[in-house]
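Trainee: Here is a sequence with its predicted model. Questions after.
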Amino acid sequence: MWKNPMFRTIVAIALGAIAGALSRYYVCLGVSQIFSSEMPLGTTIVNISGCLAMGFLTTLFLGKIISIDPDFRLLLLTGFLGSYTTFSTYELDSAKLLHQGSLEPELFYWMGSVVFGLLSLQLGIFVAKWLLNRWQGDRSI
(Lines give C-alpha, C1' and ligand atoms only; values in the text may rest on other atoms or scores of the structure.)
Protein backbone atom coordinates (compact mmCIF):
# COMPACT_ATOMS: atom_id res chain seq x y z
CA MET A 1 0.00 0.00 0.00
CA TRP A 2 2.79 2.48 0.92
CA LYS A 3 4.55 1.70 -2.36
CA ASN A 4 1.60 3.12 -4.30
CA PRO A 5 2.51 6.77 -5.14
CA MET A 6 -1.15 7.84 -5.33
CA PHE A 7 -1.83 6.47 -1.85
CA ARG A 8 1.23 8.25 -0.43
CA THR A 9 0.13 11.49 -2.09
CA ILE A 10 -3.36 11.25 -0.59
CA VAL A 11 -2.02 10.44 2.88
CA ALA A 12 0.60 13.22 2.76
CA ILE A 13 -1.91 15.87 1.71
CA ALA A 14 -4.53 14.66 4.20
CA LEU A 15 -2.13 14.63 7.16
CA GLY A 16 -0.84 18.08 6.27
CA ALA A 17 -4.39 19.38 5.84
CA ILE A 18 -5.42 18.14 9.28
CA ALA A 19 -2.47 19.89 10.91
CA GLY A 20 -3.03 23.06 8.85
CA ALA A 21 -6.73 23.31 9.68
CA LEU A 22 -6.10 22.77 13.38
CA SER A 23 -3.29 25.33 13.35
CA ARG A 24 -5.51 27.87 11.63
CA TYR A 25 -8.29 27.30 14.15
CA TYR A 26 -6.04 27.61 17.19
CA VAL A 27 -4.11 30.62 15.89
CA CYS A 28 -7.39 32.45 15.20
CA LEU A 29 -8.82 31.37 18.56
CA GLY A 30 -5.68 32.43 20.43
CA VAL A 31 -5.48 35.80 18.71
CA SER A 32 -9.16 36.52 19.39
CA GLN A 33 -8.65 35.71 23.07
CA ILE A 34 -5.59 37.95 23.36
CA PHE A 35 -6.77 40.90 21.25
CA SER A 36 -10.29 42.21 21.09
CA SER A 37 -10.79 43.73 17.67
CA GLU A 38 -13.61 44.14 15.18
CA MET A 39 -11.11 43.34 12.44
CA PRO A 40 -10.52 39.60 11.82
CA LEU A 41 -6.99 39.87 13.19
CA GLY A 42 -6.54 36.11 13.54
CA THR A 43 -7.34 35.54 9.88
CA THR A 44 -5.01 38.38 8.92
CA ILE A 45 -2.16 36.85 10.93
CA VAL A 46 -2.84 33.41 9.42
CA ASN A 47 -2.86 34.83 5.88
CA ILE A 48 0.34 36.82 6.35
CA SER A 49 2.21 34.04 8.14
CA GLY A 50 1.01 31.53 5.52
CA CYS A 51 2.32 33.75 2.73
CA LEU A 52 5.65 34.11 4.52
CA ALA A 53 5.92 30.34 4.97
CA MET A 54 4.85 29.64 1.36
CA GLY A 55 7.44 32.05 -0.04
CA PHE A 56 10.19 30.74 2.21
CA LEU A 57 9.49 27.04 1.71
CA THR A 58 8.87 27.15 -2.03
CA THR A 59 12.13 29.04 -2.50
CA LEU A 60 14.02 26.39 -0.54
CA PHE A 61 12.24 23.30 -1.86
CA LEU A 62 11.36 24.15 -5.43
CA GLY A 63 14.53 26.15 -6.03
CA LYS A 64 16.50 22.98 -5.25
CA ILE A 65 18.28 24.72 -2.36
CA ILE A 66 17.11 21.95 -0.02
CA SER A 67 16.39 18.45 -1.27
CA ILE A 68 13.16 17.16 0.22
CA ASP A 69 11.04 14.07 -0.37
CA PRO A 70 8.19 14.94 -2.79
CA ASP A 71 5.60 13.43 -0.43
CA PHE A 72 6.87 15.59 2.45
CA ARG A 73 6.79 18.64 0.18
CA LEU A 74 3.14 17.85 -0.63
CA LEU A 75 2.42 17.43 3.08
CA LEU A 76 3.89 20.85 3.91
CA LEU A 77 2.97 23.00 0.91
CA THR A 78 -0.27 21.53 -0.43
CA GLY A 79 -1.62 19.89 2.72
CA PHE A 80 -0.55 22.08 5.62
CA LEU A 81 -0.29 25.50 4.00
CA GLY A 82 -3.21 24.82 1.65
CA SER A 83 -5.39 24.11 4.66
CA TYR A 84 -3.81 26.73 6.92
CA THR A 85 -4.50 29.46 4.37
CA THR A 86 -5.54 29.38 0.74
CA PHE A 87 -4.39 33.00 0.59
CA SER A 88 -0.76 31.87 0.48
CA THR A 89 -1.51 29.76 -2.59
CA TYR A 90 -3.35 32.69 -4.15
CA GLU A 91 -0.32 34.92 -3.60
CA LEU A 92 2.08 32.25 -4.92
CA ASP A 93 0.01 31.96 -8.10
CA SER A 94 -0.02 35.77 -8.37
CA ALA A 95 3.76 35.88 -8.06
CA LYS A 96 4.15 33.20 -10.74
CA LEU A 97 2.03 35.25 -13.14
CA LEU A 98 3.97 38.40 -12.29
CA HIS A 99 7.33 36.68 -12.87
CA GLN A 100 6.14 35.56 -16.31
CA GLY A 101 6.32 39.24 -17.21
CA SER A 102 2.74 39.76 -18.32
CA LEU A 103 0.85 42.18 -16.13
CA GLU A 104 -2.58 41.69 -17.72
CA PRO A 105 -3.16 38.08 -16.56
CA GLU A 106 -1.84 39.00 -13.11
CA LEU A 107 -4.25 41.93 -12.76
CA PHE A 108 -7.16 39.84 -14.05
CA TYR A 109 -6.35 37.03 -11.61
CA TRP A 110 -5.83 39.42 -8.72
CA MET A 111 -8.92 41.56 -9.27
CA GLY A 112 -11.02 38.70 -10.59
CA SER A 113 -10.37 36.60 -7.50
CA VAL A 114 -11.30 39.44 -5.18
CA VAL A 115 -14.33 40.71 -7.09
CA PHE A 116 -15.75 37.36 -8.17
CA GLY A 117 -14.94 35.84 -4.79
CA LEU A 118 -16.95 38.54 -3.03
CA LEU A 119 -19.78 38.29 -5.56
CA SER A 120 -19.84 34.50 -5.20
CA LEU A 121 -19.95 34.80 -1.43
CA GLN A 122 -22.89 37.20 -1.66
CA LEU A 123 -24.63 34.89 -4.15
CA GLY A 124 -24.13 31.95 -1.78
CA ILE A 125 -25.67 33.95 1.08
CA PHE A 126 -28.61 34.96 -1.14
CA VAL A 127 -29.28 31.40 -2.36
CA ALA A 128 -29.03 29.96 1.17
CA LYS A 129 -31.48 32.55 2.54
CA TRP A 130 -33.82 31.98 -0.40
CA LEU A 131 -33.77 28.20 0.14
CA LEU A 132 -34.27 28.59 3.88
CA ASN A 133 -37.23 30.91 3.33
CA ARG A 134 -38.74 28.44 0.86
CA TRP A 135 -38.15 25.52 3.18
CA GLN A 136 -39.63 27.35 6.17
CA GLY A 137 -42.59 28.41 4.06
CA ASP A 138 -43.22 24.82 2.93
CA ARG A 139 -42.94 23.54 6.51
CA SER A 140 -45.59 25.87 7.81
CA ILE A 141 -48.16 24.65 5.25
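Mentor: Arrived safely, thanks for sending. Numbers count the residues shown, from 1 in each chain.
Trainee: now the helices for this structure?
Mentor: 5-34, 41-62, 70-73, 82-84, 86-99, 103-139 (DSSP state H).
Trainee: which of those helices is buried the deepest?
Mentor: Sort those by mean neighbour count, taking mean count of other C-beta atoms under 10 Å, and helix 82-84 sits at the top with a mean of 22. In this view, the C-beta of every residue, glycine as well, is placed from N, C-alpha and C.
Trainee: For that helix, which helices and strands make contact with it?
Mentor: helix 5-34, helix 41-62 (3 or more C-beta pairs under 8 Å, 6 or more residues apart in numbering; DSSP states H and E).
Trainee: rewinding a little: possible to save the helices of the chain as a markdown table with mean pLDDT?
Mentor: Below are the helices of the chain laid out as a markdown table (pLDDT from 0 to 100):
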| stretch | mean pLDDT |
| --- | --- |
| helix 5-34 | 95 |
| helix 41-62 | 88 |
| helix 70-73 | 94 |
| helix 82-84 | 93 |
| helix 86-99 | 82 |
| helix 103-139 | 84 |
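Trainee: With distance to Trp130 added, can I get the helices and strands packed on helix 82-84 in JSON lines?
Mentor: Supplementary listing: the helices and strands packed on helix 82-84 in JSON lines, determined by distance: least, C-beta to C-beta, whole Å:
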{"stretch": "helix 5-34", "distance to Trp130": "30"}
{"stretch": "helix 41-62", "distance to Trp130": "27"}
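Trainee: and Leu92, which of those is closest to it?
Mentor: For Leu92, the closest of the helices and strands packed on helix 82-84 is helix 41-62, at 5.3 Å, according to C-beta to C-beta.
Trainee: Touching the closest one from outside, list them.
Mentor: With C-beta atoms under 8 Å, 6 or more residues apart in numbering as the test, helix 41-62 has contacts from 24, 27-32, 35, 65-66, 68, 73, 76-77, 81, 84-85, 87-89, 91-92, 95.
Trainee: which residues touch Trp2?
Mentor: The contact partners of Trp2, by C-beta under 8 Å, 6+ apart, come to Arg8.
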